[in-house]
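Colleague: just to be clear, the model below is a prediction. Sequence and coordinates:
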Amino acid sequence: MKRRSLPVAAALAATAALLLTACGSEDDKSSDNDKIAGAEQASATPKESAAASGAPAEDKPDGVDVSLPKDMNLVFDWEKPKDTNEAAAMDDAANYVRAIYHGVDKRTSKVAAVTAYSTGGGLSYAKTQIDDRVEGGWTATGTRRHYQATTRSAANGTSVEVAFCVDSSKFYGKEIKTGKVLKSDPSIADYDHFKIIMVKVPTGDELWQASKVFVETKAEQCR
């Protein structure tokens, strides 16, 4: 693949709560609906996974479809770091988030983007987020903003921590059957701080995958 510059659950992890506060509503603003556990594990080759799933290659990063509907707007308001690996890891952290909502929109966690951009705990997290929404009969609408991003590389250069804030105050749940948008009053619950551990795939594809996700909910530093 050629790179191009870019975009409730079972248990709690002992080290951190895992959350993707994607779709605010009267019923789901509570973080309990999105908490899951994840463990790191070996992954299949992302290129092979994407090809097997038949993902379209046109106008998509790394040939993997991460397209979203017009009413589902993910904004990544950050600057890339100068370090090449950190910049690539940041790009694919954004792709990982896009992949989750691509799956939500397609109503299945079995999309090429999820297997391409995640592994281990990151893969379990993504699948749970998508499956919970599919089973609940709802999707997302509005604008979800990601900002104040930082990166930190491991000494061996094969993993990068990508940390950022999320503002979901204008991102809501939407019922599939009725089209009803589920809004709630703005609050500190709309703000979260993510740390995603991105690992480099040793295939020469310059692809990075989310292997672990840590989230601080109700993050005052993000408001």
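Modeller: Nice, thanks for sending it over.
Colleague: gap between stretch 135-144 and the chain center?
Modeller: Distance of stretch 135-144 from its chain centroid, counting by CA atoms, centre = their mean, to the nearest Å, is 14 Å.
Colleague: please identify the buried residues of that stretch?
Modeller: Going by neighbour count (16 or more other CB atoms under 10 Å), the buried part of stretch 135-144 is 136, 138, 139, 140, 141, 142, 144. Placement of C-beta: from N, CA and C, glycine included.
Colleague: which residues are contacting that stretch?
Modeller: Outside stretch 135-144, the residues that touch it by CB atoms under 8 Å, 6 or more residues apart in numbering are 22-23, 25, 28, 71-75, 101, 104-105, 107, 133, 166-168, 170-177, 181-182.
Colleague: cutoff 6 Å now
Modeller: The contact list for stretch 135-144 (CB atoms under 6 Å, 6 or more residues apart in numbering) reads 22-23, 71-74, 104, 168, 170-176, 181.
Colleague: write a ChimeraX command that selects only the buried members of these.
Modeller: Here is the ChimeraX command that selects the buried residues among the contacts of stretch 135-144 (16+ other CB under 10 Å):
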select :22,23,72,73,74,104,168,170,171,172,173,174,181
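Colleague: how about the nearest residue to residue 71, chain neighbours excluded?
Modeller: In this structure, residue 71 finds its nearest non-sequential neighbour in residue 141, 4.7 Å apart by CB to CB, 6 or more residues apart in numbering.
Colleague: against which helices or strands is the longest helix seen in the chain packed?
Modeller: Secondary structure assigned by DSSP state H gives helix 84-106 as the longest helix of the chain. Helix 84-106 is packed against helix 112-117, helix 120-136, strand 138-153, strand 159-175, strand 191-200, strand 208-217, with contacts defined by 3 or more CB pairs under 6 Å, 6 or more residues apart in numbering; DSSP states H and E.
Colleague: just give me the closest of the buried residues of stretch 135-144 to residue 198.
Modeller: Nearest to residue 198 among those, counting by CB to CB, is residue 144 at 19.4 Å.
Colleague: if I look at the residue lying closest to the closest one once chain neighbours are set aside, how far off is residue 189?
Modeller: Excluding the flanking residues, the one nearest residue 144 by CB to CB, 6+ apart is residue 171, at 4.0 Å. According to CB to CB, to the nearest Å, residue 171 and residue 189 sit 12 Å apart.
Colleague: on that earlier part again, which one of the helices and strands packed on helix 84-106 lies closest to residue 63?
Modeller: With CB to CB as the measure, helix 112-117 is the member of the helices and strands packed on helix 84-106 nearest residue 63 (8.8 Å).
Colleague: counting by contacts, list what that closest one packs against.
Modeller: Counting by 3+ CB pairs under 6 Å, 6+ apart, helix 112-117 packs on helix 46-52, helix 84-106.
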